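Enquirer: I would like to see how this sequence folds:
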Amino acid sequence: MAIRKILFPFKLKVLLMLVTILGISISFYVWFAIDIFKKDKAAYIYENGLMYTENLSSQTSLYLKDVGNRLNLLIAAYARMDQSNTLEKLIEKNDDFIDLQIFKNNKNIISMCNPRARETEEICHHSLFSYVSEISAGKDQVFLKNIGTMGEIPHFIFSIKEQDEIFILRVNTSQFGKILDQNNLYKSYALNLSGSVFYGPNNETAIDIKQWASLISSKVDKGTFEGTNLNNESVLISYSKVPGFNKYIISEISQVAAFSAATYLINKSLYFALLVLSLSLITGVFFSRNVTGNINQLYLATKRLSKRDFTSKVSINSYDEVGVLADSFNLMSEEIVMYMSEMKEKSRLENEMKVASLVQTAFFPKSEIELKHVSIAAYYTPATECGGDWWGHIEHQDKTILILADATGHGVPAALLTATINSAASILEKLSKQDASILSRPDNILSLMNHAVCSVGANIMLTCFVGIIDINARTLSYSNASHNPPLLLKNKGGVLPVDKDDFIPLTKALGPRLGHDPMAAFQCDQIFLDHNDLLILYTDGLVECTNQDGKQWGKRRFLQSLIKNHGETTVKMRDNVIMDLNEYKKNVPNGDDITLIITKLNI
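Expert: Here you go, the predicted structure:
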């Protein structure tokens, strides 16, 4: 048999394979990396533009509120019948005030100019009577006066209606310019609800009126979207409602300017990818000369491996590096099969844990509950996917029942026990519709829940607190199954400062944990309540959180946070306490589930 001529040398095949694989891999990697970078950069630019616009909106709100406060000072001076002297001095102290006109029964009874605003003398005595009908009809209290034909400077009208008198203040817009022109990259405008320009560098913006109407109707107060300006340039537009006023702040920035840094980095990445590909090609040329015939087997084996055939083996009898590589390849194939099997099982368990977490989430009520006589703000976070804390509330006749339970440990076994408690509470609530006495005493509720936990047969126990707030009797009846004693803060009427001694721990009516003994007996205690009393329930995971030094947050810091936030709403108080906790522990993971319930009484 004649020996075939080498038409396509093997080293060229290896080189071609190397170039192809490297080209495809690097191209895909560069495309994938650039796509992720673009998305990440776009998200950053959108967020940055929105934050800038929100900042302008907040500054605008503060300025307009300041104008309103200063106008109220003028109104107070007018009410004291000291107009001639005090009003003029107060107006003169405000450089941005042009004049004040007061109307009563559609008649201008006072018109007073700011003597310091010399450049505004030409418009100072122009009557503002044309705005009286709009203000009387209850329309927007802020109006814009554009540049007039008589050399008038930009200004806006701020009005307040007091019974049959209307106070109209004309204000210079110079402060708006300082607020909106803080960044040269952005063009910022103040808009009315209709989309017309309230104040800005131009009378028109890049926002289409129909698009603006759609945004307003959606009742979304802030956001970022793409648009086209008057020069047909693509721009990013961020908008934010001015708090307390029917005005919006929008900021426009050219997409070219916004993405200039990203474009530069992308181009550099492409050049780097080409460099890597070129160096790989040169390296392949040198190393392909030393390739042996056994490499072909490894190549074919890797092709089979790329098609997910992990059972294929390579049979090479040489005792050199290639032979060792073949053995390593065979071992790698076996380990991949084992690894894929383990990953499949791990994925199955993770999916089951996610489903269990979703199911457990349905056990909890809303974190913020506003009832007629009770306001509840709760916080719950598990240490793992499934937690061992559970809380709930039941509205029964004129009573509000609060239940907080903490199973031993956390994870799936503890989560199953919380499911038992949740089911028991639901059954008791349904049975109470037939027999109201079931939910009349907290110790009876604990006894029934104890039987439910004991019937599970697991070696996991839980602590539990049950409190019944009787609106008519103005009492709290409670029973405790070895849970952290809740704290009761009596209302002192805001006269005296609050300290740690004002927090009353409810340490009575203490009984064994649920699941310890099916025949366990529980006690009940009662305390009288007053208007605005605070009842604070928590689990031990809250005070046992540790920082990076391993030190616990502790009850002392918990009480300090409660004292600092006393007087806030239940929602604000809850948020601030959790914020203090997070600032203390930083990024240290929670060692246990955390639950906090703050209840304020309005009885």
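Enquirer: my read: residue 96 touches residue 175, true?
Expert: Yes - the pair residue 96 and residue 175 qualifies as a contact (C-beta atoms under 8 Å) at a distance of 5.7 Å. C-beta here means a position set from N, CA and C on the backbone, and glycine is covered the same way.
Enquirer: and residue 215, what is it in contact with?
Expert: 223, 239 (C-beta atoms under 8 Å, 6 or more residues apart in numbering).
Enquirer: and it, what's its pLDDT?
Expert: Listed pLDDT for residue 215 reads 78.
Enquirer: which helix or which strand is home to it?
Expert: If you go by DSSP states H and E, residue 215 is part of helix 209-217.
Enquirer: can you give me how far stretch 62-80 is from the chain middle?
Expert: Offset of stretch 62-80 from its chain centre (C-alpha atoms, centre = their mean, to the nearest Å): 36 Å.
Enquirer: which parts of it are buried?
Expert: 63, 64, 67, 68, 70, 71, 74, 75, 77, 78 (16 or more other C-beta atoms under 10 Å).
Enquirer: give me the residues contacting it.
Expert: Residues contacting stretch 62-80 (C-beta under 8 Å, 6+ apart): 83, 86-87, 90-91, 94, 96-97, 100, 102, 110, 142, 158, 160, 162, 167, 169, 171, 175-176, 179, 242, 244-245, 247.
Enquirer: kindly report the same for stretch 307-316.
Expert: 294, 297-298, 301, 304-305, 322-323, 326, 329-330, 333, 336-337, 340.
Enquirer: go again with 6 Å.
Expert: The contact list for stretch 307-316 (C-beta atoms under 6 Å, 6 or more residues apart in numbering) reads 294, 297, 301, 304, 323, 326, 329, 330, 333, 336, 337.
Enquirer: same question, stretch 47-54
Expert: By C-beta under 6 Å, 6+ apart, stretch 47-54 touches 224, 236, 238, 240, 249, 251.
Enquirer: what does stretch 455-467 give?
Expert: 402-408, 413, 417, 420, 442, 445-446, 476, 478-483, 513-516.
Enquirer: from the residues you listed, keep the buried residues only.
Expert: Looks like those have 402-408, 417, 420, 442, 445-446, 476, 478-483, 513-515 buried, using 16+ other C-beta under 10 Å.
Enquirer: in the sheet, who's paired with residue 369?
Expert: residue 376 (DSSP bridges).
Enquirer: mind checking pLDDT for it?
Expert: Taking residue 369 on its own, its pLDDT is 94.
Enquirer: what does the one 4 residues further on give?
Expert: Residue 373 carries a pLDDT score of 90 in this model.
Enquirer: was I right about it contacting residue 533?
Expert: No - look at residue 373 against residue 533 with C-beta atoms under 6 Å: they stay out of range, at 11.4 Å.
Enquirer: which one of the two is surrounded by more residues?
Expert: Between residue 373 and residue 533, residue 533 has the larger neighbour count (other C-beta atoms under 10 Å), namely 21 against 15.
Enquirer: list phi and psi for the nearest residue to the more buried one once chain neighbours are set aside.
Expert: In this structure, residue 533 finds its nearest non-sequential neighbour in residue 601, 4.8 Å apart by C-beta to C-beta, 6 or more residues apart in numbering. Phi and psi for residue 601, reported as degrees, to the nearest 10, are phi -100, psi 140.
Enquirer: now swap in residue 24 and tell me
Expert: The phi/psi pair for residue 24 (degrees, to the nearest 10) reads phi -70, psi -40.
Enquirer: just give me the neighbour total for it.
Expert: The number of residues near residue 24, taken as other C-beta under 10 Å, comes to 10.
Enquirer: same check, this time on the one 5 residues further on
Expert: Other residues within reach of residue 29, judged by other C-beta under 10 Å, total 12.
Enquirer: any figure for the gap between it and residue 35?
Expert: Using C-beta to C-beta, to the nearest Å, residue 29 is found at 11 Å from residue 35.
Enquirer: what about residue 589, which helix or strand?
Expert: Residue 589 belongs to no helix or strand, assigned by DSSP H and E.
Enquirer: excluding chain neighbours, what is closest to it?
Expert: residue 383 (7.3 Å).
Enquirer: quick check: the one you found touching residue 590?
Expert: Yes - with contact defined as C-beta under 6 Å, residue 383 reaches residue 590; the gap is 4.6 Å.
Enquirer: tell me which residues in the helix holding residue 215 are buried?
Expert: Buried, per 16+ other C-beta under 10 Å, within helix 209-217: 212, 215, 216.
Enquirer: only C-alpha atoms, please: export that helix in PDB.
Expert: Provided in PDB are the C-alpha atoms of helix 209-217 (Å, rounded to 0.1, in the frame of the first residue of the first chain):
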ATOM      1  CA  ILE A 209     -46.100  65.500  25.800                       C
ATOM      2  CA  LYS A 210     -47.900  62.200  25.200                       C
ATOM      3  CA  GLN A 211     -45.000  60.300  26.900                       C
ATOM      4  CA  TRP A 212     -45.100  62.800  29.800                       C
ATOM      5  CA  ALA A 213     -48.900  62.400  30.200                       C
ATOM      6  CA  SER A 214     -48.400  58.600  30.300                       C
ATOM      7  CA  LEU A 215     -45.800  58.900  33.000                       C
ATOM      8  CA  ILE A 216     -48.000  61.200  35.100                       C
ATOM      9  CA  SER A 217     -51.000  58.800  34.800                       C
END
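Enquirer: work out the gap between that helix and the centre of the chain.
Expert: So, by C-alpha atoms, centre = their mean, the centroid of helix 209-217 is 26 Å from its chain's centroid.
Enquirer: which of the contacts of stretch 47-54 fall in strands?
Expert: Residues of the contacts of stretch 47-54 located in strands (DSSP state E): 224, 236, 238, 240, 249, 251.
Enquirer: nearest to residue 569 among the residues you listed?
Expert: residue 240 (24.5 Å; C-beta to C-beta).
Enquirer: what's the neighbour count on that closest one?
Expert: Residue 240: 24 neighbours (other C-beta under 10 Å).
Enquirer: with the one 4 residues further on instead?
Expert: A count of neighbours around residue 244, defined by other C-beta under 10 Å, yields 12.
Enquirer: same check, this time on residue 421
Expert: By the criterion of other C-beta under 10 Å, residue 421 has 22 neighbours.
Enquirer: hang on, residue 59 packs against residue 178?
Expert: No - Residue 59 is beyond contact range of residue 178, at 9.1 Å (criterion: C-beta under 6 Å).
Enquirer: part of a strand, is residue 305?
Expert: No - looking at residue 305 with DSSP: H, G, I helix; E, B strand; the rest coil, it is helix, so not inside a strand.
Enquirer: that one and residue 314, how far apart?
Expert: Taken as C-beta to C-beta, the span from residue 305 to residue 314 is 10 Å.
Enquirer: more neighbours: these two, which one.
Expert: residue 314 (20 against 17).
Enquirer: how close does the more buried one get to residue 335?
Expert: Counting by C-beta to C-beta - residue 314 and residue 335 are separated by 15 Å.
Enquirer: what do you get for residue 532?
Expert: Counting by C-beta to C-beta - residue 532 and residue 335 are separated by 66 Å.
Enquirer: ok, the two, which is more surrounded?
Expert: Neighbour totals were compared for residue 532 and residue 335, and residue 532 leads with 17 against 11 (other C-beta under 10 Å).
Enquirer: what residues does the more buried one make contact with?
Expert: residue 491 are the contacts of residue 532 under C-beta under 6 Å, 6+ apart.
Enquirer: number of residues surrounding residue 254?
Expert: Counted with other C-beta under 10 Å, residue 254 comes out at 17.
Enquirer: all further residue positions should be reported with the first residue as 23.
Expert: Taking 23 as the first residue, the last one we looked at is residue 276.
Enquirer: where's residue 151 relative to residue 251, distance?
Expert: 38 Å.
Enquirer: which of the two has more neighbours?
Expert: residue 251 (18 against 14).
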